[in-house]
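Enquirer: return a 3D structure for these sequence lines:
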Amino acid sequence: MTFGNDNAFSLLFAAAFIILPALIWGLWRSRQALSILSEPSLLAAINTQVRLSRKILKSLLLLIAFVLMVIALARPQWNPRTRQIKRQGRDVAILLDTSRSMLAEDLRPNRLERAKLSIRDLMERLSGDRIGLITFAGSSTVKCPLTQDYAFLRLALEQITTESTDRGGTNIGDAIRKSSQEVFDEQLKEFKDIILITDGDDLEGSFPIEAAKQAGEKGIRIIAVGLGDPTEGARIPISAADGSKTFLKYEGKEVWAKLDDKTLRKVAAATPGGAYIPVQTGAFDLGGLYEDLVARAEKRELEEAAVIEYDEKFQIFLALALTLIISEGWISERNKT
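Expert: Here you go, the predicted structure:
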């Protein structure tokens, strides 16, 4: 027999060092009080009506019931058997734009923070897939390799800012190439997705459409999510030296960052089964997107693990404990007259 919750046995120390001494002390104090307050003749009469042995028996039943309940809490188990569990899923790389244009506030609180909130929502709906996280601006950085350790992924996501990448700009093509070469298994020709979250304003001439075609040839599907106003765009706020809010300027003019719908649509179309989601300045349900396009897609076997299962038998000990508690209530401390 094994136990699923060994920590429950720590409660037995309470029985050994607190409950049992308290019961003994209570019995002793009751007899001391009677001997002080009662005449010897009256005490003898009381003792003929209240039997000490029955009080001890009632206390013992409660103590045994307590021990049985502790054993039930420890979850006694037997009949072990091994079951093979096959885990299936896809490999998904999230490419998150961390360039300065993602600070634009046409999505609240800004494009980057809104994207991070949506990634957190996606993580709540993950169903066995391996997820990786890559940030990019003028260069790309793998913040989290493909993993099923979603807690680590959350930690990596929390630390992302526009300073997460060491060079400014927006280099979408290199981010796609980096993920296809360094994140995914190049020998595998399917079950691979890139979720590209960006405003699409590639200022580096990184040939993102050509990079997407190369990724598609390796069996990678790109789901592009476009953020921002595609018509007027939005200014990029920055903090001045005195702490006040100002806006990014180039050659004396304020920079307005627009969503490049056209490029992102072509990037997605360059891969088999690719999709473009023009969020623009509207609602952003990345979790729903994941369920519709990734969770329902064909999956591969990621790993197989052996799990030992047991029959839970806590019910037996719990039933015995309840029986003793009921029995204790039926036992009278007084003799029948």
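Enquirer: once you drop chain neighbours, what's closest to residue 300?
Expert: Nearest non-adjacent residue to residue 300, counting by C-beta to C-beta, 6 or more residues apart in numbering: residue 191, 4.4 Å away. Glycine gets a C-beta too; all of them are placed from N, C-alpha and C.
Enquirer: I'd assumed residue 273 was in contact with that neighbour.
Expert: No: using C-beta atoms under 8 Å, residue 191 makes no contact with residue 273, being 11.5 Å away.
Enquirer: who has more neighbours out of those two?
Expert: Shown here are residue 191 and residue 273; by other C-beta atoms under 10 Å, residue 191 has more neighbours (23 against 13).
Enquirer: quick one: name whatever helix or strand follows the longest helix seen in the chain.
Expert: The longest helix of the chain (DSSP state H) is helix 52-73. Once helix 52-73 ends, the next helix or strand along the chain (criterion: DSSP states H and E) is strand 76-89.
Enquirer: pLDDT (mean, whole number) over the helix or strand that that following strand is followed by?
Expert: Sequence order places strand 91-97 as the next helix or strand after strand 76-89, per DSSP H and E. Mean pLDDT, strand 91-97: 96.
Enquirer: on contacts alone, who are the packing partners of strand 91-97?
Expert: Applying 3 or more C-beta pairs under 8 Å, 6 or more residues apart in numbering; DSSP states H and E, one finds that strand 91-97 contacts helix 111-123, strand 130-136, strand 140-147, helix 172-178, strand 192-198.
Enquirer: output the contacting helices and strands for the longest one.
Expert: In other words, helix 111-123. Packing contacts for helix 111-123, counted by 3+ C-beta pairs under 8 Å, 6+ apart, involve strand 91-97, helix 150-158, strand 192-198, strand 220-227, helix 286-290.
Enquirer: would JSON lines of those with distance to residue 59 and mean neighbour count be doable?
Expert: JSON lines is the format used below for the helices and strands packed on helix 111-123 (distance: least, C-beta to C-beta, whole Å; neighbours: other C-beta atoms under 10 Å):
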{"stretch": "strand 91-97", "distance to residue 59": "61", "mean neighbour count": "25"}
{"stretch": "helix 150-158", "distance to residue 59": "48", "mean neighbour count": "15"}
{"stretch": "strand 192-198", "distance to residue 59": "65", "mean neighbour count": "27"}
{"stretch": "strand 220-227", "distance to residue 59": "68", "mean neighbour count": "26"}
{"stretch": "helix 286-290", "distance to residue 59": "57", "mean neighbour count": "21"}
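Enquirer: for residue 264, which of these is the nearest?
Expert: Evaluated over the helices and strands packed on helix 111-123, closeness to residue 264 peaks at strand 220-227, with 4.4 Å, by C-beta to C-beta.
Enquirer: could the helices and strands packed on helix 111-123 be laid out in JSON lines, adding distance to residue 122?
Expert: Listed next are the helices and strands packed on helix 111-123 as JSON lines, based on distance: least, C-beta to C-beta, whole Å:
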{"stretch": "strand 91-97", "distance to residue 122": "8"}
{"stretch": "helix 150-158", "distance to residue 122": "10"}
{"stretch": "strand 192-198", "distance to residue 122": "8"}
{"stretch": "strand 220-227", "distance to residue 122": "11"}
{"stretch": "helix 286-290", "distance to residue 122": "5"}
